[in-house]
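[1] When you get a sec, could you give me coordinates for this:
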Amino acid sequence: MLPSERHAIILREISKQPAVSIRSLTEVLGVTRETVRKDIDQLSSENKLHKVRGGATRIRNQEPEIETRAATNPEGKSRIAQFVLSQIPDGASLIIDNGSTTLAVARLLRYHRQNLTVYTNDLSISSLLGPVSKEITVLGGRLNVAENATFGIETIEHLSRYRAEFSLIAAGGLSARALLTDFSREAADLRHRMIAQAEQSFILADHSKFGVVGKIVMRPLPDGALVVVDEKPDPETIDAMGRVGMDYQLA
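    This next block holds a predicted model:
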């Protein structure tokens, strides 16, 4: 079988499921593990898949809808939310991003904190935190109905008027290959602004985001920003994070 034929089969297999193992591919292709590893290396260099320990994952072009994300790994997101809650006192000022994990944090804040000042582009989060906020600002801009949140240059310009003690940022993906990634330029740009406008930023990445490579690479995080995870990332990702001074916290 020619390499091009094996590559086509590997891409076909990974189109059926988010990840494939080297072991399963050796069975499908009838070749050695070393051959499969070389094929994965080649396809990874061509940006057709993401190489991970023991196999490969699909490169996503878009993020699942918010309802799907909210139903994925709720226990891990709850642990992350509990940690973030422990860092935020009553009366804090917060910039809160749109996302399923930030929504989990907002649900806890609603019942355990008071007198918050909140800036958010997420309409669901603004409704949740309205009763416990002394002031809440919904950032203007173009409404993404599927996300129930605003995005665009107007949203970034509106946010640039404010400063906050904390920002809570959703992560599209976390991988050794690309570190933090996102799925749209406008979401990535807004998140960078959210980080820049806060004294302390928490980037929330449950383990369903591990190995995921979005099409937009996030810029380096400033000192003090912390990636909060529910499980320890793989050694390659930890090494890659360490090389750029990116810190993580296990919730």
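[2] in the lowest-mean-pLDDT helix or strand in the chain, what counts as buried?
    For the chain, counting by mean pLDDT, DSSP states H and E, helix 66-70 ranks last in confidence among helices and strands (a mean of 76). For helix 66-70, burial by neighbour count (16 or more other CB atoms under 10 Å) applies to 66, 69-70. Quick note: C-beta positions are derived from backbone N, CA and C, even for glycine.
[3] Can you pull out the low-pLDDT segments for the stretch 1-150 of the chain?
    For the stretch 1-150 of the chain, the stretches with pLDDT under 70 are 18, 60-62, 64.
[4] mind listing the strands for it?
    19-21, 50-52, 55-57, 93-96, 116-120, 133-138, 142-144, 149-151 (DSSP state E, counting those that start in this stretch).
[5] got the ones you listed as CSV, with mean neighbour count columns?
    Formatted as CSV, the strands of the stretch 1-150 of the chain follow (neighbours: other CB atoms under 10 Å):
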stretch, mean neighbour count
strand 19-21, 18
strand 50-52, 22
strand 55-57, 22
strand 93-96, 25
strand 116-120, 23
strand 133-138, 16
strand 142-144, 15
strand 149-151, 22
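[6] Quick check: the gap between residue 193 and residue 153.
    Residue 193 sits 10 Å away from residue 153, going by CB to CB, to the nearest Å.
[7] same check, this time on residue 31
    50 Å.
[8] what does residue 214 give?
    In terms of CB to CB, residue 214 sits 20 Å off from residue 153.
[9] ok, the two, which is more surrounded?
    Between residue 214 and residue 153, counted using other CB atoms under 10 Å, the more crowded position is residue 214 (25 against 12).
[10] That one looks like it's in a helix, true?
    No: using DSSP: H, G, I helix; E, B strand; the rest coil, the assignment for residue 214 is coil, not a helix.
[11] Need phi/psi at it.
    phi -80, psi 170 (degrees, to the nearest 10).
[12] got the contact list for it?
    60, 63, 172-173, 178, 181-183 (CB atoms under 8 Å, 6 or more residues apart in numbering).
[13] and the residue lying closest to it once chain neighbours are set aside, how many neighbours?
    Nearest residue to residue 214, sequence neighbours excluded (CB to CB, 6 or more residues apart in numbering): residue 181, at 3.7 Å. A total of 23 residues lie near residue 181 under the criterion other CB under 10 Å.
[14] Name the SS class of residue 181, please.
    Strictly by three-state DSSP, residue 181 counts as strand.
[15] What ranges does the protein have for its helices?
    Here the chain has its helices, by DSSP state H, at 3-16, 22-29, 33-45, 66-70, 74-87, 100-112, 123-129, 153-159, 185-196, 235-243.
[16] residues in contact with the residue nearest the centre of the chain?
    Nearest to the geometric centre of the chain sits residue 171, at 1.7 Å (CA atoms, centre = their mean). Contact analysis of residue 171 by CB under 8 Å, 6+ apart lists 180, 182, 203-205, 209, 227.
[17] still on that earlier bit, you'd agree the residue nearest to residue 214 is up against residue 187?
    No: counting by CB atoms under 8 Å, residue 181 does not reach residue 187; the two are 10.8 Å apart.
[18] which residues do the two both contact?
    With CB under 8 Å, 6+ apart as the test, residue 181 and residue 187 both reach 172, 216.
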